[in-house]
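Peer 1: fold the following.
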Amino acid sequence: MKTITSLVLLAILFGSCQNEEIVPTQEGTTAVVNAKDSEVTNSTAKTVSGNVPSHDPSTIVKSGVNYYVFTTGDNIPMTYSRDLANWTWGTSVFSSTPSWITGYVPGFVKTFWAPDVAWFNNRWNMYYSCSTFGSATSAIGLVTTSAISQSAGTTWTDRGVVVSSSSASDVNAIDPSILVDGSNVYMAYGSWHAGIGVIQINPSTGKTTGSRTIVAGGNSASWEAPCLIKEGSYYYMFVNRGTCCNGVNSTYYIVVGRSTSPFGPFVDKNGVALTNGGGTTVLATQGNYIGPGHLSRITGTQKGAVHYYDGADSGNPKLEIVYFTWSSGWPTLSY
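Peer 2: Numbering: from 1, shown residues only. As a prediction, this is how the structure comes out:
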């Protein structure tokens, strides 16, 4: 459950960086990534070397000459990079909150959570979360664009609500994770409450089709921030356990289960279902890398991204690249 203290601090952090000078570039589409620390060389923009201040990072994608990551914060903050080492604050997705949101989430203000972005239907599709702290009254919305720019040149078209929730007996409509599997698209989502759900997405509309299936958690247990991927003949569901957003006291860790269907059942290495408390741990606190969470895999690679709370920097949340390795059909993650 995301706590107000850390997210307010994130909003202040992101808000303080939005008015820096930026330089426009050419646009296009693809998706690969790598990252190494390097020195800050740009003196005209807010540039972050190596580990990017970040919470609930989206899948890292490439449009034109730049790589982009979107995060929790006011109006959906964005950072961009040409070399995946020096990151610069760009223009946020929204300049104002879409009017439909307060009809689903009364009291919502401009702090959006946990976006994810994927390329299908000849456009970028960004799914984003709207909620209030500790509440199951939530919604996931959709915006689309044909190309992403670091400047205000990006035109995002709001497509409205995708899924919503209104009680703790439902899957909480936050933390979307999008899997494009050939001509099929799926969305995993959820946080605590009724657990993690998977639902199919119509590629033409970006909206849901069919009914959702609960594949992990339930009974208000600590399951959130799912990441659904496919490797070989298996679908893998990575999910966070524990709690986030408490700096060095965060207890997040990532578990996984696999299935031959995106709708489960997902079981761990011992055969225990994720709906019955199962889950093989693949990444947990290591030294100053505290409470890693919100995994995504970068399309077409064995690399991914997480945020973690930096024990060497007062528990501030940062982005880090992780690497997937596979043995007998089971993944491990490493920095």
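Peer 1: what is whichever helix or strand residue 187 is part of packed up against?
Peer 2: Taking DSSP states H and E as the definition, one finds residue 187 inside strand 184-189. Applying 3 or more Cβ pairs under 8 Å, 6 or more residues apart in numbering; DSSP states H and E, one finds that strand 184-189 makes contact with strand 157-165, strand 177-181, strand 196-201, strand 224-231. To be clear about C-beta, it is placed using only N, CA and C from the backbone, and glycine gets the same treatment.
Peer 1: the longest one: partners in the sheet, and parallel or antiparallel?
Peer 2: What that stands for is strand 157-165. Applying DSSP bridges, strand 157-165 is found paired with strand 138-145 (antiparallel).
Peer 1: send me the strand it pairs with as PDB with only the CA atoms.
Peer 2: The C-alpha trace of strand 138-145 is given here as PDB (Å, rounded to 0.1, in the frame of the first residue of the first chain):
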ATOM      1  CA  SER A 138      -9.300   3.400  -8.100                       C
ATOM      2  CA  ALA A 139      -9.100   3.500 -11.900                       C
ATOM      3  CA  ILE A 140      -6.700   2.800 -14.700                       C
ATOM      4  CA  GLY A 141      -6.800   5.100 -17.700                       C
ATOM      5  CA  LEU A 142      -5.200   5.200 -21.100                       C
ATOM      6  CA  VAL A 143      -3.500   7.800 -23.200                       C
ATOM      7  CA  THR A 144      -1.900   7.300 -26.600                       C
ATOM      8  CA  THR A 145       0.500   8.900 -29.000                       C
END
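Peer 1: buried ones in stretch 103-114?
Peer 2: Neighbour counts over stretch 103-114 (16 or more other Cβ atoms under 10 Å) mark 104, 105, 108, 110, 111, 112, 113, 114 as buried.
Peer 1: repeat for stretch 295-315
Peer 2: By neighbour count with 16+ other Cβ under 10 Å, stretch 295-315 contains the buried residues 295-299, 303-311, 315.
Peer 1: work out the gap between that stretch and the centre of the chain.
Peer 2: Computed by Cα atoms, centre = their mean, to the nearest Å, the chain-centroid distance of stretch 295-315 equals 10 Å.
Peer 1: quick one: mean pLDDT over that stretch.
Peer 2: The pLDDT scores in stretch 295-315 average 92.
Peer 1: residue 141 and residue 101 touch, don't they?
Peer 2: Yes - A contact is recorded between residue 141 and residue 101 when judged using Cβ atoms under 8 Å, the distance being 6.9 Å.
Peer 1: any shared contact partners between these two?
Peer 2: Counting by Cβ atoms under 8 Å, 6 or more residues apart in numbering, the shared contacts of residue 141 and residue 101 are residue 130.
Peer 1: more neighbours: which of those two?
Peer 2: Legend: neighbour count by other Cβ atoms under 10 Å for residue 141 and residue 101, higher for residue 141 (25 against 21).
Peer 1: mind checking which helix or strand of this structure has the lowest mean pLDDT?
Peer 2: Scoring the helices and strands of the chain by mean pLDDT, DSSP states H and E places helix 4-15 at the bottom, with a mean of 38.
Peer 1: how about the helices of the stretch 1-150 of the chain, start to end?
Peer 2: Secondary structure of the stretch 1-150 of the chain (DSSP state H, counting those that start in this stretch): helices at 4-15, 101-104.
Peer 1: same for the shortest one, what does it pack against?
Peer 2: Contact partners of helix 101-104 among helices and strands, from 3+ Cβ pairs under 8 Å, 6+ apart: strand 138-145.
Peer 1: now the strand it packs on: average pLDDT?
Peer 2: Across strand 138-145, pLDDT averages out at 98.
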